[in-house]
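[1] whatever this is, show me its structure:
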Amino acid sequence: MLTGQELLSFVEANKDMNHYDMARATGYSRSTVGKGERVLITKFMRALLEAQGLTLKSGAKPGKTAKYLTTVHSTGGVLLGKTYVQQFGMEPGDKLRIAVDEDCIRLMPAPVEPATASDEACTVPA
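    Coordinates of the predicted model:
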């Protein structure tokens, strides 16, 4: 990836090129499995600003944001996603209640019931 004066010189010499092709030509791209090449536009623009002496304050990475969209897999399973699980303070093994209305499916965290002595003594017949 070009940086600093090399990046500025390349951009100056190739003003007719669009930013997408320019980012690719200066090394701001990567190969992804099954999707081909991914051009890193944000990283390219940040490097260009820094080469011009402008530095943006960078904070903590925001991480993934909730998209409120998921896909039904070929096995019939649906992945809820870590973002939603964390939002409700759920942990592995927690249960969800499923409510079916006319046109929607609702998932709700099931209340956690404390184990009782009789629960621990129960055995399942063989």
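[2] residues contacting residue 36?
    Listed by Cβ atoms under 8 Å, 6 or more residues apart in numbering, residue 36 has no contact partners. C-beta here means a position set from N, CA and C on the backbone, and glycine is covered the same way.
[3] quick check: it vs residue 69, distance?
    Noted for residue 36: a distance of 23 Å to residue 69, by Cβ to Cβ, to the nearest Å.
[4] repeat that for residue 10.
    39 Å.
[5] also residue 23?
    Distance from residue 23 to residue 69, by Cβ to Cβ: 28 Å.
[6] those two: which is more packed in?
    Neighbours per residue (other Cβ atoms under 10 Å) separate residue 23 from residue 69, with residue 23 holding more: 22 against 6.
[7] wait, the more buried one sits on residue 39?
    Yes. Residue 23 lies in contact with residue 39 (Cβ atoms under 8 Å); the separation is 5.1 Å.
[8] any residues in contact with both of those two?
    Shared contacts of residue 23 and residue 39, defined by Cβ under 8 Å, 6+ apart, are found at residue 29.
[9] now the helices: where do they sit in this structure?
    4-13, 19-25, 41-51, 82-87, 117-121 (DSSP state H).
[10] now the ones you listed as JSON lines including mean pLDDT and distance to residue 102?
    Rendered in JSON lines, the data for the helices of the chain read as follows (pLDDT from 0 to 100; distance: least, Cβ to Cβ, whole Å):
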{"stretch": "helix 4-13", "mean pLDDT": "95", "distance to residue 102": "57"}
{"stretch": "helix 19-25", "mean pLDDT": "93", "distance to residue 102": "46"}
{"stretch": "helix 41-51", "mean pLDDT": "92", "distance to residue 102": "43"}
{"stretch": "helix 82-87", "mean pLDDT": "81", "distance to residue 102": "23"}
{"stretch": "helix 117-121", "mean pLDDT": "52", "distance to residue 102": "36"}
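[11] of all these, which one is nearest residue 103?
    helix 82-87 (20.6 Å; Cβ to Cβ).
[12] now do the closest one: distance to the chain's middle.
    12 Å (Cα atoms, centre = their mean, to the nearest Å).
[13] excluding chain neighbours, give the residue nearest to residue 55 in space.
    Distances taken as Cβ to Cβ, 6 or more residues apart in numbering place residue 49 nearest to residue 55, at 7.3 Å, with adjacent residues excluded.
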